[in-house]
Structure formats: C-alpha cells, structure tokens
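Colleague: curious how this folds, go ahead:
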Amino acid sequence: METYDLVILGGGPTGLAAGLYGTRSRLKTLVLERGTIGGQLAVTEDIENYPGIEAITGPELGQKMLDHAEKFGLEMEYVDVESVDLESEIKVVRTDGKEFHAKALVIATGSTHNKLEIPGEDEFSGRGVSYCAVCDGAFFRDRDLIVVGGGDAAVEEGTYLTRFASKVTIVHRRDELRATKVLQERAFANPKMDFLWDSTVEEVKGNGLVASVAVKNLKEDRVYDRPVDGVFIYVGLSPNSQFLEGVLPADEMGHLHVNLKMETKFPGVFAAGDIREQSSRQVASSVGDGATAAIFAEKYIAEHFTE
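Modeller: Modelled structure (predicted):
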C-alpha cells in the first residue's frame, strides 16, 4: 500500500494550510475530509478578520485555500475516519473499507456546534431548528426567528439572518453579550434585532414545524411560551476528537494536548486548530497552527526517514 509523507485529517482552514505547507515542501500530502471543504468556513457567511482580505464569504475563502494547495499537488479524499494507529513508525488511518499510511500525521478535525440538549431540539432539527444561518437562512423569509447564544457566532449569524427574517431575537443567559464590540455595535444598530437578556430556551415546541419555544427568565424564575418560526443555536463548539478517545491525552472536553510545535505525545503526530487545547478558534490562528504543524512534520520526516 502507498505510504504518504503527510496525511492530514480535516479539510478546514487548519488542514488546508497544513496541506499547502506540506506540498510546498515537496511532501506527498493527502487531506482526508468527511464533509464539506472549509470546515466551519463552509457555514460562515462573512469573514472580515482575515489579514489582507477585508471581506470574503467563508465558502469562498475555503475554496481559495483548497485551490491554492492543489496547485502544488495536494490530494483530497472524502471519507470518515474511524480509527488510527499512532504507535508504529508508519501511522495508519482507517476509514470505512479503506486504510491510509503516513510518515507523519496532522490531526485537524476541528469542532462541531454544541446542542442545547433540550426537549424538541432533535425532533425539530431541520424543521425549524438549525445550527447554520448560511445554510438555512433563506428558508425563513419574513419570519420571526430567535438565536440562542451571546458570542461572536450568535451575533454575527443573527445579523446575517436579518437579511431574510422580519425579526431576529437573540436569547442570552447573561445581561450582556460576549461578542466582540464591533459585532455588538452592528447588532444593536440593526432595527430588525431584539434581545432577551438573562434568559434560556427550555423547550422547542410545534406540530411538524417549530411554532414556539419555552423561555425561562433566570432572574424572575419564570417560564413562558414565545411564538417563533425558527431557532438558530450557537452555544459553543466541541472538538471532533471522539475517534481519539483513549488514544491521545486530552482535556475534559476532548481538546488534545500539544506543545508549541503542535506535537502530541507520539513522534510524528501533530494536532492543530480547534482540536487542540487553548485554541482561539479564529481563522487566522487556525491557519498559523496548520502551517506550524506542517513545518515541524517536514522536519520530523527529514530526520527520521532520510534515505
């Protein structure tokens, strides 16, 4: 079976940056991606904080990153990784019916939006409950929507939804947002946006489609029904590291432990981006992580596989 110099798990900005640096170092490099290229970029409408690019959509940026790396010979496979063997000198990645071998491995599988874990959330997923404004916003023209959360994603995607909805209400458990100031300023100035402070969503209700939510006012300890046509949920991200449980050291959330070179405890195995501990979860820092991992992967290969 063919052995790659570098195999990268994940086709988000971290993985694509690692792919670019790997191929430019003349490493035979493969990216394995289970879903849509770009990772979280694929479900982000506007990117305005990537240095040198004032504004671009997430899907556009992801495609540009892929095109750039492919010009240098990056290979792509769309598969779902099931397990890995990291203890041997040649690393093994197993998918459904296929196996890949690598001299070095970069784990950049990113993260997934958390759920509220409330009644009705799963039942109405795709029928009024969504985690992706870019994917589903256009289905809610002239509708009344709520967005759950108070960070950058909630405020940014909520603002995006006002392009379609008649009204967007952000429900946040605190009395102030956590989002960056520029995003807050835009949201507060938007006539289509409203805010429910000190509140949580306790249940999603409806008959086939979302019709209302049960909202709890935390200060008053009062629960009431609020009519609504859609619920968009942005309450943080969890690392996609389930397939590595018990294989690599991680924190209680599943973020992998690495050093400044993005090295894990196994020689030749690196972890970068949202999957690692203390990640800032920004596109720019994710790209830096990917570049760092690939640079030190190349050095590892040169030291251990010189013919």
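
Colleague: can we go C-alpha only for contacts and neighbour counts from here?
Modeller: Will do.

Colleague: now the helices for the stretch 201-307 of the chain?
Modeller: All helices of the stretch 201-307 of the chain, identified by DSSP state H, counting those that start in this stretch, fall at 283-304.

Colleague: any stretches of it with poor pLDDT?
Modeller: Across the stretch 201-307 of the chain, the ranges flagged by pLDDT under 70 are 307.

Colleague: now the strands for it?
Modeller: Along the stretch 201-307 of the chain, the stretches classed as strands by DSSP state E, counting those that start in this stretch are 209-217, 222-227, 230-233, 237-239, 269-271.

Colleague: residues near N240, how many?
Modeller: For N240, the count of nearby residues is 17 (other Cα atoms under 10 Å).

Colleague: surely it and H113 touch.
Modeller: No - using Cα atoms under 8 Å, N240 is not in contact with H113, being 10.1 Å away.

Colleague: intersection of neighbour lists for these two?
Modeller: Overlap of the contact sets of N240 and H113 (by Cα atoms under 8 Å, 6 or more residues apart in numbering) is empty.

Colleague: tell me the secondary structure for E117?
Modeller: Under the three-state scheme (DSSP: H, G, I helix; E, B strand; the rest coil), E117 adopts coil.

Colleague: one more: A69?
Modeller: The local conformation at A69, judged by three-state DSSP, is helix.

Colleague: repeat that for D136.
Modeller: Look at D136: counting by three-state DSSP, its state is helix.

Colleague: going forward, count from 14.
Modeller: Let's use 14 as the start, then, which means that last one is D149.

Colleague: next up, phi/psi of G267, please.
Modeller: For G267, the backbone dihedrals (degrees, to the nearest 10) come out as phi 100, psi 10.

Colleague: which residues are in contact with it?
Modeller: G267 is in contact with 251-255, 258, 288, counting by Cα under 8 Å, 6+ apart.

Colleague: count of neighbours near the nearest residue to N203 once chain neighbours are set aside?
Modeller: Distance criterion Cα to Cα, 6 or more residues apart in numbering; nearest residue to N203, sequence neighbours excluded, is T172 at 7.8 Å. Counted with other Cα under 10 Å, residues neighbouring T172 total 25.

Colleague: now do the contacts for T172.
Modeller: 181, 199-200, 203, 206.

Colleague: E15: how many residues sit nearby?
Modeller: By other Cα under 10 Å, the residues close to E15 number 8.

Colleague: export stretch 292-305 as PDB, just CAs?
Modeller: Extracted in PDB, the C-alpha atoms of stretch 292-305 (Å, rounded to 0.1, in the frame of the first residue of the first chain):
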ATOM      1  CA  SER A 292      -7.200  27.300  20.600                       C
ATOM      2  CA  SER A 293      -8.500  30.800  20.000                       C
ATOM      3  CA  ARG A 294     -10.900  29.400  17.300                       C
ATOM      4  CA  GLN A 295     -10.100  32.100  14.800                       C
ATOM      5  CA  VAL A 296      -9.400  31.500  11.100                       C
ATOM      6  CA  ALA A 297      -6.100  33.300  11.200                       C
ATOM      7  CA  SER A 298      -4.800  31.400  14.200                       C
ATOM      8  CA  SER A 299      -6.000  28.100  12.700                       C
ATOM      9  CA  VAL A 300      -4.100  28.800   9.600                       C
ATOM     10  CA  GLY A 301      -1.000  29.500  11.700                       C
ATOM     11  CA  ASP A 302      -1.500  26.200  13.600                       C
ATOM     12  CA  GLY A 303      -1.700  24.300  10.300                       C
ATOM     13  CA  ALA A 304       1.400  25.900   8.900                       C
ATOM     14  CA  THR A 305       3.300  25.300  12.200                       C
END
